[in-house]
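Enquirer: quick one, structure for this:
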Amino acid sequence: MPAIQSLTLTCDALNENETFSEGDLLTGKVTLALLKETPVESLTVKAKGDADVRWTRKSGDRTHTYSAHKRYFKLKQFLIPEDSKETVVPKGIHVYKFSLQIPPGSMPSSFKGIHGKIVYNLEVKLSRSWRMDRKVEKDISFVSKSYPNLHSLMSRQVGSTKKEMGLFSKGHVHMDVTVDKSAYAPGETLVIIAKINNSSSSEMIPKFSVTQNVVYRANSSTRHESHVIHKVVDKGIKSQTQKTVRCAIQIPRVQMPTIHNCDIISVEYQLKVYLDISFAFDPKITFPVVIIPPDLAPGRQPGGAEGPYPAGAAGGPSNSDFPPHAVSIDPYPVSPHSGSSRYPGAQRYSAPSPVYQDNSLAYAGPPGVYSAQPAHVNGGYNSPVPQLPSPYGYPFSPSSTSSVLHPPPTAPTFPPPPSAPSTSPPPFTLSPTAPPYNELSFAPMANTDFLGQSDEAPPEYSLLFPSAATDKSVAK
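Expert: Residues are numbered from 1 along each chain as shown. Got it, this is the predicted structure:
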């Protein structure tokens, strides 16, 4: 008969979207159900963040493989300490609580593409002698809050272009375009105003498109992907006519944010405004678009209206040459991320011990409350753990199966209660406390004035996001 009935992992959510960011605390519980008394070498929970890219390219009869790896952090906590002797765990349901703090610093958001991915996950591993390890994994949604020059991205963008017509037409065309800003949260609307002076003999059609560009990098080589998120076609402008065209394009609520802080994967967005002219090169103006997390958008209210336009819609009548998209209503409005939390210190409770049915091994302390410090954290950025208001439930009824709650053991400076059983976990050494997490600080604004009317092209991504020095990858 197998000894392990089940091994499950749950993680506490910090917000409605169940996302995490730099400096946040990962807390949760591991539930181990045993059908009989079982010797265990160790029980660990691990959190890590990794980026990987891989693709192949054929050249004649040869196939070249390009791959790269980047590790951002790896944290490990022992729930059952690893010792020279095995720990005998009795039959029943055992609940172990954990807490791991994501390090501060700039790390990219979660991403999954055709040739690469950025994944953050939790892993629980149960090790027994002469047995295969039992593992449970759970991905977590990570949203970066590292966006330098955010203040400057809230300023409007201005671009201008002029084209002399060629062989099949006479005259010239001039276009001035203004975009309200550069940074948008999912659900926000781009407001575009284009002033067009068609002093030529040809008719032209204004078009607007937002494109996502993904770049994978490995072994000094790159692989590109491009996807059109939305495209709008306006009515034609006849010869010798001036017209002001207004367009509104809403960023889809599910659109992933810009990734600019990863060495091997980048995700960028671009707005292109151009005039479609038959038998001529189309004059165009491109603007960088930065998609940021909802709670970084200024003036964003939790559960507030996203604008008068449904997802994927454009203002005014649209003659799009793309097939229409089905409009779906999101029943869960976007709410701001709770952000990283800072706690002034651990608290101790003097509440009476709860009564557990058929459970003589229960530790003192109210259920669902974390101890002052996590147990046996190895390499980990420790910090005091928040006190959760609601207790953890049990997957099995206490009347049918015994249940044991295993909070992390207390620090050696606090003697265990006299009633504690001899099977209590051994004392441990606290790891040094992590430095306090500072709120996101942004780089100063660039000196270049992007707001003045000029014939120069709008700023490139290299100006908005200066390339950082490539960090050495850490082996997996």
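Enquirer: can we go C-alpha only for contacts and neighbour counts from here?
Expert: Will do.
Enquirer: does residue 109 touch residue 117 like I think?
Expert: No. Under the criterion of C-alpha atoms under 8 Å, residue 109 makes no contact with residue 117, lying 10.1 Å away.
Enquirer: what's the domain layout of the chain?
Expert: Following automatic domain parsing, one gets these domains for the chain: 4-145+340-406, 150-330.
Enquirer: let me have the ones you listed in CSV, extended by mean neighbour count and mean pLDDT.
Expert: Formatted as CSV, these follow (neighbours: other C-alpha atoms under 10 Å; pLDDT from 0 to 100):
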stretch, mean neighbour count, mean pLDDT
domain 4-145+340-406, 17, 77
domain 150-330, 18, 83
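Enquirer: sheet partners, orientation included, of the helix or strand where residue 66 lies?
Expert: Using DSSP states H and E, residue 66 sits within strand 62-80. Here strand 62-80 is paired, per DSSP bridges, with strand 42-59 (antiparallel), strand 377-378 (antiparallel).
Enquirer: so which of these comes closest to residue 269?
Expert: Residue 269 lies closest to strand 42-59 among those, at 20.1 Å (C-alpha to C-alpha).
Enquirer: identify the residues contacting the closest residue to residue 297 other than its chain neighbours.
Expert: Distances taken as C-alpha to C-alpha, 6 or more residues apart in numbering place residue 185 nearest to residue 297, at 6.2 Å, with adjacent residues excluded. For residue 185, the contact set (C-alpha atoms under 8 Å, 6 or more residues apart in numbering) comprises 251, 291, 292, 293, 294, 296, 297.
Enquirer: got it, and residue 206?
Expert: Contact analysis of residue 206 by C-alpha under 8 Å, 6+ apart lists 233, 234, 235, 236, 237, 273, 274, 275, 276.
Enquirer: residue 105: which of the residues you listed is nearest?
Expert: Using C-alpha to C-alpha, residue 273 comes nearest to residue 105 of the contacts of residue 206, at 35.9 Å.
Enquirer: and the closest residue to the closest one other than its chain neighbours, helix, strand or coil?
Expert: Leaving out its chain neighbours, the residue that sits closest to residue 273 by C-alpha to C-alpha, 6+ apart is residue 208, at 4.8 Å. For residue 208, the assignment made with DSSP: H, G, I helix; E, B strand; the rest coil gives strand.
Enquirer: now residue 208: how far from residue 127?
Expert: From residue 208 across to residue 127, the span is 57 Å (C-alpha to C-alpha, to the nearest Å).
Enquirer: which phi and psi does residue 151 have?
Expert: For residue 151, the backbone dihedrals (degrees, to the nearest 10) come out as phi -60, psi -40.
Enquirer: any idea how far residue 54 is from it?
Expert: For residue 151, the distance to residue 54 (C-alpha to C-alpha) stands at 35 Å.
Enquirer: surely residue 212 forms part of a helix?
Expert: No. Residue 212 sits outside any helix when classified using three-state DSSP, being strand.
Enquirer: that one touches residue 228, doesn't it?
Expert: Yes. Judged on C-alpha under 8 Å, residue 212 makes contact with residue 228 at a distance of 6.2 Å.
Enquirer: if we can go back for a sec, next, format the contacts of residue 206 as TSV and append secondary structure.
Expert: Shown next, in TSV, are these (three-state DSSP):
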residue	secondary structure
233	strand
234	coil
235	coil
236	coil
237	strand
273	strand
274	strand
275	strand
276	strand
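Enquirer: quick check: the residue nearest to residue 85 when sequence neighbours are not counted vs residue 165, distance?
Expert: Using C-alpha to C-alpha, 6+ apart and skipping the chain neighbours, the partner closest in space to residue 85 is residue 41 (7.5 Å). Distance, residue 41 to residue 165, by C-alpha to C-alpha: 78 Å.
Enquirer: cool, residue 175 as well?
Expert: Residue 175 sits 14 Å away from residue 165 when distances are taken as C-alpha to C-alpha.
Enquirer: again with residue 115
Expert: According to C-alpha to C-alpha, residue 115 stands 42 Å off from residue 165.
Enquirer: so what's residue 217 closest to, chain neighbours aside?
Expert: Using C-alpha to C-alpha, 6+ apart, the nearest residue to residue 217 is residue 264, at 4.6 Å.
Enquirer: for that neighbour, give me phi and psi.
Expert: phi -110, psi -10.
Enquirer: residues in contact with the spatially closest residue to residue 35 that is not a sequence neighbour?
Expert: Distance criterion C-alpha to C-alpha, 6+ apart; nearest residue to residue 35, sequence neighbours excluded, is residue 3 at 5.2 Å. Neighbouring residues of residue 3 by C-alpha under 8 Å, 6+ apart: 34, 35, 36, 37, 38.
Enquirer: okay, these in a markdown table with distance to residue 86 next?
Expert: Shown next, in a markdown table, are those (distance: C-alpha to C-alpha, whole Å):
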| residue | distance to residue 86 |
| --- | --- |
| 34 | 16 |
| 35 | 18 |
| 36 | 15 |
| 37 | 12 |
| 38 | 9 |
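Enquirer: residue 53 and residue 265, how far apart?
Expert: 8 Å.
Enquirer: one more: residue 28?
Expert: 30 Å.
Enquirer: can you check residue 159 too?
Expert: Residue 159 is 29 Å from residue 265, by C-alpha to C-alpha.
Enquirer: try residue 94
Expert: Using C-alpha to C-alpha, residue 94 is found at 41 Å from residue 265.
Enquirer: whichever helix or strand residue 141 is part of packs against which elements?
Expert: Counting by DSSP H and E, the element that carries residue 141 is strand 134-142. Other helices and strands packing on strand 134-142, by 3 or more C-alpha pairs under 8 Å, 6 or more residues apart in numbering; DSSP states H and E, are strand 4-11, strand 19-20, strand 116-127.
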